[in-house]
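Novice: Give the three-dimensional model of this entry:
(2 chains)
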Number of protein chains: 2
Amino acid sequence: MAQINETTQGVLDQISEGFAQKGAYNLRQNGVSICHGDSEHIKIRKKEDKPGIDILIDGDTKGERVFIPVVVSVSGMTDLVYNDFYIADGADVTIVAGCGIHNSGCNESRHDGIHTFHVGKNANVHYEEKHYGEGNGTGSRILNPVTNIEVGENSVFTLDTVQIKGVDSTVRNTNVSMEAGSKLYVIERIMTDGKQHAESNMEVCMNGSGSSAQIVSRSVGKGESSQVFHPKAVGNAKCHAHIQCDSIIMDHARVGSIPEIQANHVDAAIVHEAAIGRINDEQLLKLRTLGMTEAEAENVIIENFLS
Amino acid sequence: MAQINETTQGVLDQISEGFAQKGAYNLRQNGVSICHGDSEHIKIRKKEDKPGIDILIDGDTKGERVFIPVVVSVSGMTDLVYNDFYIADGADVTIVAGCGIHNSGCNESRHDGIHTFHVGKNANVHYEEKHYGEGNGTGSRILNPVTNIEVGENSVFTLDTVQIKGVDSTVRNTNVSMEAGSKLYVIERIMTDGKQHAESNMEVCMNGSGSSAQIVSRSVGKGESSQVFHPKAVGNAKCHAHIQCDSIIMDHARVGSIPEIQANHVDAAIVHEAAIGRINDEQLLKLRTLGMTEAEAENVIIENFLS
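Specialist: A predicted model of the protein is given here:
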């Protein structure tokens, strides 16, 4: 068993609930894999040509979880990693991929995770990604993930991402291509505060007949933070998609939403909804009459909105 | 009374219902004003420095209509015109500004109308614009309007545009800035067929406290035509806005919708909805059971959708 220091364990508790050194897992700390394990159906291989790992998930995987947390705990580091997931026909797997930065120095700490998913047919993949920053330093905590997903025929892919707090700057780029009969569920949650900036670009191409996508994005902007959302759904076949972006704006935050829907086929049905507004005054009043302070009531509403 | 030839009259019947050579009006034909009139409260002045007119609408104007149709009936002409509207505090006016191209030649005919509205306080402006193309020639019929609107305090501006048919290519650019308490209503309707292309970009900046905007865009894409919509609502003050884009896609048409909402103020509430899909099958079936052919039923549904 590898020894995990207190700082790393503290970050792990935030980003990777349930993580333990058993089954299939890989813990990356400051650019190095400090421990890893395989299971009967899931094998993890270090890449030879560049930083990162290949995660090989066979077709007999049923309901198993694989943990691949990343912790950056030194100031001034830029960690770039390429993780490739090969998910065989019929596999059913949950991948937990949190990333946390503890920066107590004055230099920028940054992690860029480039994740590519090659999903076979009839598979069911649940991918969870928590992003988190902490530390008393003045150095920035930056996370710029790139997520590429190929969803095979009749497979289901669920992308569940959350940026809890403490991330100064993030630019998310997500690209999804979908084969016939496949389904995509995306839930994205972002909260920013102070002078933080978050940007999320997503392009979903429904290329196969009968594919469908449901994208839900929820965000809260506090302080002087700024957010930009740019989800794009392209229907190249008989397909349907629903995109919903809701944002709560507080203080002096700025929130922009630029959804794009493109129908290139007569049987493509695509719907989008977006709303940006302040916190619900009625809910706030109700909670305050129950004895909460304004700040407490706001927190309850925000937690509920993002959960 | 100026003599109006049969071709021009035919186009006028399509774009400028109710037009007559009385009251305030200006008829532009092939780049030249062929007749114009003033009324007690509305004066039309030819620009000295560039093509176009100034339309001066005084504050005592109550419920009056001014017609400024444009007809291009020769092949190979590019007509560029600048029209400026000065609308005084308290005026109540309807401006009818159709544009039609009759092209029976093999060269491109094009009209670019650059319209700028300076609207004072407490005014009510209704602006109607119909675009239309006809003629058996192979030359393209192109309309690229630019519409700039400054809406003064507590004024109401209604922008009602429709592209009936026959326009091969259009790029619409609309910019609106809004003062305190002002209201904007936009209804945009576009139908494309064949190899036609339509693009509409609109930016509405709600700068004044209490301003509000309601934007409705409806379109039908037939044949191999393509459409792109890019409405943008920016809230820089306490304001609210609702944008709704609905498109029916038929045949091999391609329709894209890229609405953008940007809230820069905690009391800005902005909502957007967009939907692209094929014609409603249930409605189609219902009308066919009433004895209509498929084409007839489609036409009824489309006309209803765009009206």
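Novice: give me phi/psi at A:E17?
Specialist: Note on A:E17: its backbone torsions stand at phi -60, psi 130 [degrees, to the nearest 10].
Novice: List the contacts of it.
Specialist: For A:E17, the contact set (Cβ atoms under 8 Å, 6 or more residues apart in numbering or on different chains) comprises A:V96. Backbone N, C-alpha and C define where each C-beta goes, glycine included.
Novice: Now do the helices in the stretch 1-150 of chain A.
Specialist: Assigned by DSSP state H, counting those that start in this stretch, the helices in the stretch 1-150 of chain A fall at A:6-15.
Novice: what's the spacing between A:G63 and A:G98?
Specialist: 20 Å (Cβ to Cβ, to the nearest Å).
Novice: Looking at the two, which one has more neighbours?
Specialist: Just comparing A:G63 and A:G98: by other Cβ atoms under 10 Å in any protein chain shown the higher neighbour count belongs to A:G98, 23 against 9.
Novice: The residue nearest to the more buried one when sequence neighbours are not counted: neighbour count?
Specialist: Once flanking residues are discounted, A:G98 sits nearest to A:I15: 2.8 Å by Cβ to Cβ, 6 or more residues apart in numbering or on different chains. Neighbourhood size, A:I15 [other Cβ under 10 Å]: 23.
Novice: Likewise for A:P69?
Specialist: 22.
Novice: does stretch A:179-198 come close to chain B?
Specialist: No - on the criterion Cβ under 8 Å from any Cβ of the partner chain, stretch A:179-198 is out of touch with chain B, staying 13.6 Å away.
Novice: Just the C-alpha atoms of that stretch, please, in PDB.
Specialist: Output in PDB follows, covering the C-alpha atoms of stretch A:179-198 (Å, rounded to 0.1, in the frame of the first residue of the first chain):
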ATOM      1  CA  GLU A 179     -23.400   6.100 -33.400                       C
ATOM      2  CA  ALA A 180     -26.900   4.700 -34.200                       C
ATOM      3  CA  GLY A 181     -29.100   4.100 -31.200                       C
ATOM      4  CA  SER A 182     -26.700   5.500 -28.700                       C
ATOM      5  CA  LYS A 183     -27.700   7.800 -25.800                       C
ATOM      6  CA  LEU A 184     -25.900  10.600 -24.100                       C
ATOM      7  CA  TYR A 185     -26.700  12.100 -20.700                       C
ATOM      8  CA  VAL A 186     -24.700  15.100 -19.600                       C
ATOM      9  CA  ILE A 187     -25.100  16.900 -16.300                       C
ATOM     10  CA  GLU A 188     -22.600  19.800 -15.700                       C
ATOM     11  CA  ARG A 189     -22.500  21.800 -12.500                       C
ATOM     12  CA  ILE A 190     -20.300  24.800 -12.000                       C
ATOM     13  CA  MET A 191     -19.900  27.300  -9.200                       C
ATOM     14  CA  THR A 192     -17.600  30.300  -9.400                       C
ATOM     15  CA  ASP A 193     -16.700  33.000  -6.900                       C
ATOM     16  CA  GLY A 194     -14.200  35.900  -6.500                       C
ATOM     17  CA  LYS A 195     -12.500  36.600  -9.800                       C
ATOM     18  CA  GLN A 196     -12.800  33.100 -11.100                       C
ATOM     19  CA  HIS A 197     -13.600  32.300 -14.700                       C
ATOM     20  CA  ALA A 198     -15.200  29.200 -16.200                       C
END
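Novice: How far off centre is it?
Specialist: 6 Å (Cα atoms, centre = their mean, to the nearest Å).
Novice: Show me which residues of that stretch are buried.
Specialist: Of all the residues in stretch A:179-198, those buried under the rule 16 or more other Cβ atoms under 10 Å in any protein chain shown are A:179-184, A:186, A:188-193, A:196-198.
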